[in-house]
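with the sequence up front, the predicted model follows.
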Amino acid sequence: MSIRSFFPLDYVRPNQDKVLDELDQALKSDYKFIFLEAPTGFGKSAVAVTLARFLGSSHICTSTKDLQTQYNRDFPYLSEVKGRNNFPCIVKEDMGIRESCEYGPCLKDDDFDCLYKTRMSDYDVKSEGTIYENVDINKYALKKYYDKAKEHSQLVKIEWQPCHYYHQKWISIKSSHTIYNYKYFLSDLFYSSGVNKRKLLILDEAHTLESEVSSFKNIIFSKESLIRFFPKINLPDNKQTDVETWIDFCAGLKEQFTSYVEKSANILGSGGNSEDIHVSEKNLIDAINYEKNLFTFLEDLRINKENWLVTNITKNDIDNKPSRIKLEPLVVSSYFTDIFDKGSISLLMSATILSKENLCKAVGIKNEDVKFIRVENSDFPIKNRPIYLMNVAWLNARTMSESLPNIVKVLDNLLSVHKNDKGIIHTTSYSQVQFIKNNLSKENLSRLIETNPKFDRNEMILKHTQSTKPTVLISPSMFFRSGP
């Protein structure tokens, strides 16, 4: 079958058709790395899914959880996987406690026999590799868990259901195609070794790759965050820009966490308490994670110390001693060897790659090993997408607070001029959203529909699009994926 026969939508646009031909030629030429630069609205995701289905299996990474959800909504045969903090812990719910799987009892005790935790071997795949693929717990495993729940129900009534986190995790591993956010993918790859190799690795929003990996790999030491474990801790006061200083600090801190974890586990296990350290289940789990992360970070720091920089040193206003520092890698290209190993072929996509050479350098690939496909023209006429520069303010972190009042004045005026039109206001933080809301005129404020973590994002979008009134959507996370 041809690559075009796997296109997931009813209609292939002319530009998409050309790109599919170029992808087909790239595969026939044995390119292992393909860069696709195409403008917003081209439909990169549909093209990526076409290639994924053609090759048979894929990992698809994108920058936000919202974009994950959009992929999954448009192409339901992609399995979506997210981190523990997105799911409530059922064990804690049984105790009347609202807490995420990030703080489940299984994380502080490897031997904890969780009634709800399933195993990957419990799951079977039906219609594998097709759009009807289904991964779920087999009937024998279900019976085993229901019987186990009945035994517990003799004391407390329990309705068995699989742990939300592990259920979606095992489904995603068994599936042919999985969609991740970068943070989860990198964490699973570098800390859990839970990512298997597939035919295709798709890295969406490729212009953010370098910063995504750098952000994942860097580490911040904050006295404020460490003091709950070690009340008397201080950050090094001498040779603060010397990496060797922080290698020694990390080694010492790791040993402190090892001791803290051992003492806390014993205290919690015996039901006692201690005057020396503050003990809680949350603190213990956080300490276990700190210890694991420090081990990996320290190993990297020692082997590649010339590649690390000490940045963002913040000092206390009272005693001028360091209160926060960040260590980050100078070059991240070496980390991409492990990343690219998870796909026989890698497709990197963005609307703004701009320079093939720069992206190759950032991810450690030779220019001649890459097939670069660039779509020059947008499918949307220029008259339908004008950009008007207002030049109201020069925005950065330092000038934001002083510029916001003037921005809101201009924004209020624009809303009044377009009082009968729908619109969207993009911001970069919820604090900006709040400032705008607090300072708009009453008439224009009433038009706003805000997306925030408290409300379902898709419901807010639907409310905006279906309203007959001139509503205006406002959000710091309104990323619209290029799509059909």
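Yep, that arrived. Numbers count the residues shown, from 1 in each chain.

how does this protein divide into domains?
Here the domain parsing of the chain from automatic domain parsing is 3-215+334-374, 219-329, 387-475.

do you know which of these lies nearest Pro381?
Across the domains of the chain, Pro381 has its closest neighbour in domain 3-215+334-374 (11.0 Å, Cβ to Cβ). No exception for glycine: its C-beta is placed from N, CA and C like everyone else's.

surely His167 touches Arg119?
No: with contact defined as Cβ atoms under 8 Å, His167 does not reach Arg119; the gap is 11.0 Å.

who has more neighbours, the two?
Neighbours per residue (other Cβ atoms under 10 Å) separate His167 from Arg119, with His167 holding more: 19 against 10.

buried set for the helix or strand hosting the more buried one?
For His167, the element it lies in under DSSP states H and E is helix 164-174. Neighbour-count burial for helix 164-174 flags 164-174 (criterion: 16 or more other Cβ atoms under 10 Å).

mean confidence (pLDDT) on stretch 238-245, please.
When pLDDT is averaged over stretch 238-245, the result is 91.

chain center to stretch 115-135, what's the gap?
24 Å (Cα atoms, centre = their mean, to the nearest Å).

Asn266 is in what secondary structure piece?
Secondary structure assigned from DSSP H and E places Asn266 in helix 243-270.

I meant Leu415, not that one.
For Leu415, the host element (DSSP H and E) is helix 400-417.

following the chain past that helix, name the next helix or strand.
Following helix 400-417 in sequence, per DSSP H and E, is strand 423-426.

and that next one, what does it pack onto?
strand 472-475 (3 or more Cβ pairs under 8 Å, 6 or more residues apart in numbering; DSSP states H and E).

direction included, what does the strand it packs on pair against?
strand 423-426 (parallel), strand 448-450 (parallel) (DSSP bridges).

for that strand, what is the average pLDDT?
Averaging pLDDT residue by residue across strand 472-475 gives 91.

with just CA atoms, put it into PDB.
This file holds the C-alpha atoms of strand 472-475, laid out as PDB (Å, rounded to 0.1, in the frame of the first residue of the first chain):
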ATOM      1  CA  VAL A 472     -13.400  36.800  23.500                       C
ATOM      2  CA  LEU A 473     -11.300  33.900  24.600                       C
ATOM      3  CA  ILE A 474      -8.400  34.700  27.000                       C
ATOM      4  CA  SER A 475      -5.700  32.200  28.000                       C
END
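
and that strand, how far out from the chain's middle?
Worked out by Cα atoms, centre = their mean, strand 472-475 lies 23 Å from the chain centre.

hmm, who's touching that strand?
Here strand 472-475 makes contact (Cβ atoms under 8 Å, 6 or more residues apart in numbering) with 415, 422-427, 433, 436-437, 444, 447-452, 457, 460-461, 464.

least confident secondary structure element in the chain?
Scoring the helices and strands of the chain by mean pLDDT, DSSP states H and E places helix 457-466 at the bottom, with a mean of 83.

list the backbone torsions phi and psi for Ile227.
Backbone geometry at Ile227, expressed as degrees, to the nearest 10, gives phi -70, psi -20.

for burial, what's the neighbour tally of the residue nearest to it when sequence neighbours are not counted?
Excluding the flanking residues, the one nearest Ile227 by Cβ to Cβ, 6 or more residues apart in numbering is Ile233, at 6.2 Å. By other Cβ under 10 Å, the residues close to Ile233 number 14.

check contacts around Ile233.
Counting by Cβ under 8 Å, 6+ apart, Ile233 touches 223, 226-227, 256.

I'd like to know which of these are buried.
223, 226, 256.

need the residues you listed in JSON lines with pLDDT and distance to Asp341, can you?
Shown next, in JSON lines, are these (pLDDT from 0 to 100; distance: Cβ to Cβ, whole Å):
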{"residue": "Lys223", "pLDDT": "92", "distance to Asp341": "38"}
{"residue": "Leu226", "pLDDT": "94", "distance to Asp341": "35"}
{"residue": "Gln256", "pLDDT": "95", "distance to Asp341": "34"}
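
closest to Asn86 among those?
Proximity of the buried ones among the contacts of Ile233 to Asn86 was ranked by Cβ to Cβ; the top entry is Leu226 with 26.3 Å.

contacting residues for the closest one?
By Cβ under 8 Å, 6+ apart, the residues touching Leu226 are 233, 253.

ok, now with 10 Å
By Cβ atoms under 10 Å, 6 or more residues apart in numbering, the contact list for Leu226 reads 233-235, 253, 256-257, 290.

between those, which is nearest Leu298?
Looking across the contacts of Leu226 and measuring by Cβ to Cβ, the closest to Leu298 is Leu253, at 9.0 Å.

correct me if wrong: that closest one contacts Ser225.
No: the criterion here is Cβ atoms under 10 Å, and Leu253 misses it with Ser225 at 11.8 Å.

the more surrounded of those two?
Per other Cβ under 10 Å, whichever of Leu253 and Ser225 has more neighbours is Leu253, with 21 against 12.

could you measure the residue lying closest to the more buried one once chain neighbours are set aside against Arg228, distance?
If the residues on either side of it in the chain are set aside, Leu253 comes closest to Leu294, at 6.3 Å by Cβ to Cβ, 6+ apart. Using Cβ to Cβ, to the nearest Å, Leu294 is found at 16 Å from Arg228.

compare the two (neighbour count), which wins?
Higher neighbour count among Leu294 and Arg228: Leu294, with 20 against 15, using other Cβ under 10 Å.

the more buried one: which element?
helix 281-303.

quick one: buried residues of that helix?
281, 283-288, 290-291, 293-294, 297-298, 300-301.

circling back to that earlier point, what does the helix holding Leu415 rub up against?
388, 390, 392-396, 421, 423, 425, 427-429, 431-432, 435-441, 443-445, 447-448, 470, 472, 474.

got a quick PyMOL command for the buried subset of those?
Burial among the contacts of helix 400-417 is assessed by 16+ other Cβ under 10 Å; the matching PyMOL selection reads:
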select buried, resi 425+427+432+435+436+440+444+447+448+472+474
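
restricted to strands, list the contacts of helix 400-417.
Secondary structure defined by DSSP state E assigns 423, 425, 448, 472, 474 of the contacts of helix 400-417 to strands.

quick one: the third one and Asn438 touch, right?
No: at 11.6 Å, Leu448 does not count as touching Asn438 under the criterion of Cβ under 10 Å.

one step back: just curious, which of the contacts of Leu226 is nearest to Lys28?
The nearest one, if we look at those relative to Lys28 and count by Cβ to Cβ, is Tyr290, at 49.1 Å.

with that, I have no additional questions.
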